[in-house]
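Trainee: Using only what follows, build the 3D model:
(one chain, ligands or ions: 1)
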Amino acid sequence: MANKRATVTCPDCDLDEEFEKLAAARECIEDHRTETGHEAVWELDRLSEGVERAGDEAGVCGREGCGDKESVLFQDEL
Ligand SMILES: [Zn+2]
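Mentor: Alright, predicted model coming up:
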């Protein structure tokens, strides 16, 4: 059951990485944003919508539609 749990992809380049831990996936997204300015997104594989929603509420969602909610992260870049 150690399969991938999240796939990180980037609409602006060929980034396509799989992670077993969401923290690692999120880190990849943030690193990618820092390095390239791209907004990579993750696709959750097996996690419930509840986890996804929790991440959304916590402001850690990497999905495209959550750009506005990531304002705190954007401030960190300044
Ligand atoms: Zn990219």
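Trainee: ok, E39 touching P11?
Mentor: Yes: using Cβ atoms under 8 Å, E39 is in contact with P11, at 7.2 Å. Yep, even glycine has a C-beta here, placed from its N, CA and C like the rest.
Trainee: Mind checking which of the two has more residues around it?
Mentor: E39 (17 against 10; other Cβ atoms under 10 Å).
Trainee: So the more buried one: helix, strand or coil?
Mentor: The three-state assignment at E39 reads coil, by DSSP: H, G, I helix; E, B strand; the rest coil.
Trainee: That one and the ion: what is the separation?
Mentor: Applying Cβ to the ion, to the nearest Å, the value for E39 to the ion is 8 Å.
Trainee: Repeat that for L44.
Mentor: Distance of L44 to the ion, computed by Cβ to the ion: 19 Å.
Trainee: ok, now E43?
Mentor: 15 Å.
Trainee: And the strands in the protein?
Mentor: For the chain, the strands defined by DSSP state E occupy 6-9, 16-19, 41-44.
Trainee: ok, how many other residues are close to A23?
Mentor: Count around A23 with other Cβ under 10 Å applied: 10.
Trainee: actually F19, not the one I wrote
Mentor: Neighbours of F19 (other Cβ under 10 Å): 19.
Trainee: dump the residue contacts of it.
Mentor: K4, R5, A6, T7, V8, A25, C28, W42 (Cβ atoms under 8 Å, 6 or more residues apart in numbering).
Trainee: hey, what's it bridged with?
Mentor: A6 (DSSP bridges).
Trainee: now swap in W42 and tell me
Mentor: V8.
Trainee: Which residues are in contact with it?
Mentor: With Cβ under 8 Å, 6+ apart, W42 has these contacts: A6, T7, V8, T9, F19, L22, A25, R26, I29, G62, R63.
Trainee: and which of the residues you listed is nearest to the ion?
Mentor: T9 (8.7 Å; Cβ to the ion).
Trainee: Excluding chain neighbours, give the residue nearest to the closest one in space.
Mentor: D16 (5.2 Å; Cβ to Cβ, 6 or more residues apart in numbering).
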